[in-house]
Every structure is written in C-alpha cells, then in structure tokens.
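In: this one's structure only:
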C-alpha cells in the first residue's frame, strides 16, 4: 500500500546532530571530488587530448545531471538520503580508481560520467537531507552554512594534491580520491536520520514559475564553471602559478562570504541576492579575462567566490520554497540547472578557449552571468508574486 513519503520528524537536538554529521561527511566527499581537479586535467593533457577535447571531458557533468538528478531526488524522497549517498560514494571510488588505466577519449568520458554520477547522487541526497533538517524560516542561511562543507574541501584538497603530486606517481592521486570516498561512506553510516515511510515522494507536477529559477541557476553554473574547470589552465598560462593556490583562495573567500551573509540572506529578497551575486561574479570574471599577475587573479577568484557564496544558497532555498513537500525533488531541480550550466558551460567555454584563448573564455562566462541577473525580472515565489 502506498502512503505518504514524508519522514517521521526528528527532535530538534537530533536534527542538529544529523545536520552536523551530514556536514562532516560532505566535507570528506568533496575533499575526494576536488582532489580530482588537477590530476585529472594533467592526465587528460598527458594522454594528448586537445583543448576542446579536455573541455568535452570536463563538461560531461551535464549528461550525468540530466539523467541522474531526477532519479536521485525521487529516491531520496522515497527511501531516504543515506542509501543514495552511499551509491554516490561508490561511483566516485570506481570512477576515479580506473582513470590511470585509460588513455582514449571515449573511456575517459565514461569515467568522468561515473565520477559525475557519484557527485550527482551524493550532493542531491545530501542537500535534500540538509533541507529537511533546516527550519523553513532560516533555510537560506542554513544552506549557506551547509555549502561551507564543499568550500572547506576546495580550500584544502587541491592545495594538498598540488603539494604532493611532484612526490608521488600521478596514479596515486586517483587512489587518494578513492580513499576519501570510502571514508565518506563510513561517515554516512552513522548519520542519524528518521525512518522514511515508502511512498510516491510527492507530486510529479512542477510549478510553472520554477523555470526562471532554473534558468538563473544554469547561468550561475556557467560562471562558476569558468573558474572550477579552467583554473589549472588559467594558472599555467598566466603564470605559471600553483593551481592549488587559486582553489584555496576561492575556498577561503567563499567561506568568508557565506559566514558574512548567512544571517542576512533570509532577510532580503531572492531577487536582490541574485543581482548582488551576479555583480560580484561578473567583476571577477572581467578581472580573470585580462589579469596577468597573481594578485589580480586572486582578487578575481575572491569576487567569483563571493558571488557564488550568495547565489547558491539563495537559489537553493528558493527551489525548496517552491517544492515544500519534496526536498529531494527541489534539490534535484536546483542541481540540474546548476550542473547543466557546469556541463554545457564547460563545452561552450572550452570552445571559446580553443578559438580565442582565456580572455574569450572569461568574457563569454561574464555575458552569461549578466543574462542570469536580467532573468530575475521573471522570478516568482510560491504565491506567484515577485521573489
């Protein structure tokens, strides 16, 4: 017999404990995922892929998002987040461990899709769990704090990998990723969650006014992807500078931005938050397009980070407001938009890099971010009024 899928609610102390443990598990998972950035790029270059092919592999996120996010959200609503997160950790383990054994474009695309599927499953289900464990009137702020988990990982993991890569075989870096995935899975096993009553996971219908939010999220994903995918190439061709330093600067800047705004972000409109975020991100992309010195690039990264740190929790909380009974679905829809921005943006920006170099790449991303800010004119809340 099918009944409501809403979970039995945890007490406030248990919810807080669950939120904290989910945060720690997320830090560990992202430490593994972000540890892939430099080794994967180096491997793609070492096996002879050109710039456009590198962009194709790195941008294959979009395929995994399109296929995997809806299923991950549905399964998280129906069966709980923990099983989906465990599958995600396993996919990251397998998708990273076999990279050193593969040198052809189709094989590397397949492994990147598996890595991305792990990322999709873990982040969709983990975010759904964090949403459900957060009071509705403080959700954007709590999502800002939850997002710090990924930011802590991006601050530390790439820098650690950059430091140790000269002293270890490249293949060992991919096994390090697998070790992080295993540890994340172990931590997930001790996260207290309420039992889930199996059911439909909520209505399949989506509110019509969710689509502007999805489009804005996609544009934000393109802006973030300009940094996320191409920071190693930016550091190499404008320096050379250590790529890990840019990721560390991004991580510290976005952590600072999230802590600065997490109490205020629930007090301003989603529309104002997104416009502010777009202004900061566009300024950073403009500096990245033309900056040559390391200080200028670090300022560019900090501005992109500040914009991301505001836009991400504001948009995620907005999606959750539009789908209040289905946090898994809300998380999935948000990340479909964001990861399609990462994926399609990776292909678009890879082509721009091939045709016009780094300046063209970052100017292209700037235009997309500004377009996202313009789309806030159509942003609506659950009642159909301006958000």
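Out: Yes, it's here. Quick caveat, the model's predicted, so the values are computed rather than measured. Numbering: from 1, shown residues only.

In: Where does pLDDT dip in the protein?
Out: Across the chain, the ranges flagged by pLDDT under 70 are 1-10, 61-62, 65, 193-205, 383-384, 386-387.

In: which residues in it form strands?
Out: Counting by DSSP state E, the chain has no strands at all.

In: Would you confirm that residue 178 contacts residue 93?
Out: Yes. Applying C-beta atoms under 8 Å, one finds residue 178 in contact with residue 93, separated by 4.6 Å. (Glycine included, C-beta is placed from N, CA and C.)

In: got the contact list for residue 55?
Out: 229, 346-347, 349-351, 353-354 (C-beta atoms under 8 Å, 6 or more residues apart in numbering).

In: more neighbours, residue 178 and residue 93?
Out: For residue 178 versus residue 93, neighbours defined as other C-beta atoms under 10 Å are more numerous around residue 93 (23 against 19).

In: Tell me which residues touch that one, please.
Out: Counting by C-beta under 8 Å, 6+ apart, residue 93 touches 118, 177-178, 181-182.

In: Dump those into JSON lines; add distance to residue 54 as well.
Out: Listed next are the contacts of residue 93 as JSON lines, based on distance: C-beta to C-beta, whole Å:
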{"residue": "118", "distance to residue 54": "21"}
{"residue": "177", "distance to residue 54": "19"}
{"residue": "178", "distance to residue 54": "23"}
{"residue": "181", "distance to residue 54": "24"}
{"residue": "182", "distance to residue 54": "28"}
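
In: In stretch 344-362, which residues are buried?
Out: Neighbour counts over stretch 344-362 (16 or more other C-beta atoms under 10 Å) mark 344-354, 358, 360-362 as buried.

In: Those in helices, which ones?
Out: Members of the buried residues of stretch 344-362 lying in helices (criterion: DSSP state H): 344-354, 358, 360-362.

In: Name the nearest of those relative to residue 237.
Out: residue 358 (6.2 Å; C-beta to C-beta).

In: that older thread, now for the ones in helices among the buried residues of stretch 344-362, which pair is the farthest apart?
Out: Longest span within those, C-beta to C-beta: 344 and 358, 19.1 Å.

In: ok, residue 259 touching residue 148?
Out: Yes. Counting by C-beta under 8 Å, residue 259 does reach residue 148; the two are 7.3 Å apart.

In: out of these two, which sits in the more crowded spot?
Out: Between residue 259 and residue 148, residue 148 has the larger neighbour count (other C-beta under 10 Å), namely 23 against 14.

In: Let me see the ranges of the helices in the stretch 101-250 of the chain.
Out: With DSSP state H, counting those that start in this stretch, the ranges of helices along the stretch 101-250 of the chain come out as 105-132, 139-164, 170-188, 211-228, 231-238, 243-261.

In: helices or strands next to the third one in the packing?
Out: Helix 170-188 makes packing contacts with helix 12-34, helix 37-46, helix 81-97, helix 139-164 when contacts are defined by 3 or more C-beta pairs under 8 Å, 6 or more residues apart in numbering; DSSP states H and E.

In: How far off centre is the last one?
Out: Here the centre of mass of C-alpha atoms in helix 139-164, compared against the chain's by C-alpha atoms, centre = their mean, to the nearest Å, lies 10 Å away.

In: Remind me what that helix packs against, helices and strands.
Out: Using 3+ C-beta pairs under 8 Å, 6+ apart, helix 139-164 sits against helix 12-34, helix 37-46, helix 105-132, helix 170-188, helix 243-261, helix 294-322.

In: I figured residue 161 hits residue 42, correct?
Out: No. Using C-beta under 8 Å, residue 161 is not in contact with residue 42, being 10.1 Å away.

In: Neighbour count: the two, which is higher?
Out: Taking neighbours as other C-beta under 10 Å, residue 161 and residue 42 compare with residue 161 leading, 23 against 15.

In: Spit out the contact partners of the more buried one.
Out: 35, 37-39, 173, 176, 244.

In: so what's it closest to, chain neighbours aside?
Out: In this structure, residue 161 finds its nearest non-sequential neighbour in residue 35, 5.0 Å apart by C-beta to C-beta, 6 or more residues apart in numbering.

In: separation between that neighbour and residue 76?
Out: To residue 76, residue 35 is 25 Å away according to C-beta to C-beta, to the nearest Å.

In: more neighbours, these two?
Out: Remark: of residue 35 and residue 76, residue 76 carries more neighbours, 30 against 26, as counted by other C-beta under 10 Å.

In: Surely the more buried one and residue 129 touch.
Out: Yes. Counting by C-beta under 8 Å, residue 76 does reach residue 129; the two are 7.4 Å apart.

In: thinking again about what came up before, separate out the buried members of the contacts of residue 93.
Out: Judged by 16+ other C-beta under 10 Å, buried ones among the contacts of residue 93: 118, 177-178, 181.

In: any chance of the residues you listed in CSV, with distance to residue 273 too?
Out: CSV is the format used below for the buried ones among the contacts of residue 93 (distance: C-beta to C-beta, whole Å):
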residue, distance to residue 273
118, 30
177, 33
178, 37
181, 33
